[in-house]
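In: Mind looking at a prediction? Sequence and model below.
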Amino acid sequence: MKIAIIIKYENINNYENVQFKNVCKSEEIDLSILDCDLFKVVTINNVIKIYYANNLLEEYDYILPRTGSATRENDALLYDAMRLNKLNILNDGTCIMKLKNKFAMHLHLSSNKIDNIKSCIINDSNDLSVIDKEFTYSLILKANTGSLGYGIYLVKNKVELENLLNINFLANNKHNYIIQEFVDEYDGVDYRVFMYKNKVISSMKRMASTGDFITNYSRNQLSEEFIVDEELLLICQKVMQSINCEIAGIDLLKTKKGYIVCEVNSAPGFMGLEKTNPGLNEVKQLIIEFKNELNYEKK
């Protein structure tokens, strides 16, 4: 089996990439780690050619983009070109950019009638009239393309919101922000489900630190094992089908009315899930799925 992962090369030694290297070596899998900056795509009449490091791209059984929220427009075009060339890429550029833009993701979930957290995009403090009509404080303010739990604020009143947006303006920060409702039942807990197509690979319950409200494992390492029930599985499967992704980390809150989706990530991290679930190895689990698919295709 030949697998390629596409990364930003400065991240080559992060946890996930090291796991890919170690597991593929132990499983005798042919792994290529490809730098997203070394690709070129050429269109010639009705042919698409993809080059890597000035050579035509090799054939792989699976190609996994791992650029996530750092994916640029050119990267997304590359991934779409791979999909158009019938390469087995797990998440194309259209899907990844849809998930990178948090509000675009919420628009898509809403259009597919998937319960998700109430949200509104905003860019400055002169744009609050609809917020006053549709939301009640407290609110969550977050960067529309942020990751790892950074750039997220709990806003308790309109004055705090105006001040935060004015600071953003004075700093000449060009990022848009989204406003989201602060769910009372949240209580510093959410759920991460790692999906491959319609299957759950792993899951965990994440908790915020005392006095905080952000649950990202990368910030506080607070989590515990969690078994996905049938209700949650059906929601996650519906999310995967609607966004047309093969791999995703889905974050959800549980309310009195049921689960609601708060975020979907195209390149979820492994560390929290593996530390939370003793004996779990995400890459091994994915390789098991790949081998099963390839054996099925050969029959």
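Out: Noted; the coordinates are in hand. Here the structure is a predicted model, which is why all the values come from computation and not from measurement.
In: Show me which residues of stretch 233-245 are buried.
Out: Going by neighbour count (16 or more other Cβ atoms under 10 Å), the buried part of stretch 233-245 is 233, 235-236, 238-240, 243, 245. (Each C-beta comes from the backbone N, C-alpha and C, glycine too.)
In: so for stretch 70-90, what's the average pLDDT?
Out: Rounded to a whole number, the mean pLDDT of stretch 70-90 is 96.
In: Between the two ends of that stretch, how far is it?
Out: When the termini of stretch 70-90 are compared using Cα to Cα, to the nearest Å, they are 17 Å apart.
In: buried ones in it?
Out: Taking 16+ other Cβ under 10 Å as the neighbour-count basis, stretch 70-90 is seen to contain the buried residues 70-71, 75-76, 78-83, 87-90.
In: The stretch 51-200 of the chain: strands as residue ranges?
Out: Listed in chain order, the strands of the stretch 51-200 of the chain (DSSP state E, counting those that start in this stretch) span 55-56, 62-65, 119-122, 139-143, 152-155, 177-181, 189-196, 199-207.
In: Show me where the stretch 101-250 of the chain dips below the pLDDT cut-off.
Out: Counting by pLDDT under 70, the stretch 101-250 of the chain contains low-confidence residues at 124-126, 146-151, 168-175, 185-187, 209-221.
In: mind listing the helices for it?
Out: Counting by DSSP state H, counting those that start in this stretch, the stretch 101-250 of the chain forms helices over residues 102-111, 129-134, 158-170, 217-220, 230-243, given from the N-terminal end onward.
In: Columns distance to Pro268 on top of these, output as JSON lines?
Out: JSON lines is the format used below for the helices of the stretch 101-250 of the chain (distance: least, Cβ to Cβ, whole Å):
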{"stretch": "helix 102-111", "distance to Pro268": "14"}
{"stretch": "helix 129-134", "distance to Pro268": "30"}
{"stretch": "helix 158-170", "distance to Pro268": "27"}
{"stretch": "helix 217-220", "distance to Pro268": "10"}
{"stretch": "helix 230-243", "distance to Pro268": "12"}
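In: In this structure Ile227 contacts Ser203, no?
Out: Yes - with contacts defined as Cβ atoms under 8 Å, Ile227 counts as touching Ser203 at a distance of 7.2 Å.
In: Overlap in contacts, these two.
Out: Counting by Cβ atoms under 8 Å, 6 or more residues apart in numbering, Ile227 and Ser203 have no contacts in common.
In: Quick check on the two: which one has the bigger neighbour count.
Out: For the pair Ile227 and Ser203, the greater number of neighbours falls to Ser203 (23 against 8), based on other Cβ atoms under 10 Å.
In: Now find how far off-centre stretch 188-202 is within its chain.
Out: For stretch 188-202, the distance from its own C-alpha centre to the chain's C-alpha centre is 11 Å (Cα atoms, centre = their mean, to the nearest Å).
In: Using a markdown table, lay out the strands of the stretch 51-200 of the chain together with distance to Leu294.
Out: What follows is the strands of the stretch 51-200 of the chain, written out as a markdown table (distance: least, Cβ to Cβ, whole Å):
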| stretch | distance to Leu294 |
| --- | --- |
| strand 55-56 | 23 |
| strand 62-65 | 9 |
| strand 119-122 | 40 |
| strand 139-143 | 39 |
| strand 152-155 | 40 |
| strand 177-181 | 40 |
| strand 189-196 | 14 |
| strand 199-207 | 16 |
